[in-house]
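J.: mind looking at a prediction? Sequence and model below.
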Amino acid sequence: MAGYHVSSLKPNEVSANLRAGTFALKWTEDTNKSGSPIAVHLSVDPKGFYLICQNKITKESECFDITLIHDTRTGAEVSLPRGAIENDQMNIGIKDVPLSLKWLTIYYGNTFVPDRDLRVIHFSFPSTAIAREWTDKLFQYG
């Protein structure tokens, strides 16, 4: 007699830290401009569908569909954008920790081919623990 197996999808369980959000600095995506970082509040909606990035100054929000996140990196795997290390404003939190350990890079878009449709979004966090948690959880949800 043949058995059967019913598969079911479980909804994402978003941690309280990601729902409440955290302070971060967003690096400008325009590589030709060397501007100052933007202070943002990052959070994930309660169902785990969207990454919400709210500008702390202008209060404008940008939402990213988490299913379109292809990769998240921090630590040794991250490639810092040109001018990030020289910018003293990016090194927030503990100053003795290298910037790459507090950095989150998100590869986001509709395609896997690195072209104009694939966005690379960079954030800097106050600590390595926060950067690692956001990197792991966003990759897991995506």
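T.: Nice, thanks for sending it over.
J.: show me the shaky parts of the chain.
T.: 1-3, 29-35, 83-96, 112, 114-115 (pLDDT under 70).
J.: longest helix of it?
T.: helix 128-141 (DSSP state H).
J.: buried set for that one?
T.: Residues 128, 130-135, 137-138, 141 are the ones in helix 128-141 that count as buried (16 or more other Cβ atoms under 10 Å). For the C-beta atoms, the positions are set from N, CA and C on the backbone; glycine is no exception.
J.: stretch 51-63 now?
T.: 51, 53-54.
J.: closest to Val40 out of the residues you listed?
T.: Cys53 (5.1 Å; Cβ to Cβ).
J.: what lines up beside the host helix or strand of the closest one in the sheet?
T.: Taking DSSP states H and E as the criterion, Cys53 maps to strand 50-55. Strand 50-55 sits in its sheet next to strand 38-44 (antiparallel), strand 61-65 (antiparallel), going by DSSP bridges.
J.: just the C-alpha atoms of it, please, in CSV.
T.: Listed next in CSV are the C-alpha coordinates belonging to strand 50-55 (Å, rounded to 0.1, in the frame of the first residue of the first chain):
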residue,chain,number,x,y,z
TYR,A,50,9.3,43.2,3.0
LEU,A,51,12.4,44.9,4.2
ILE,A,52,11.5,48.5,5.1
CYS,A,53,14.1,51.2,4.9
GLN,A,54,12.9,54.5,6.3
ASN,A,55,15.1,57.7,5.9
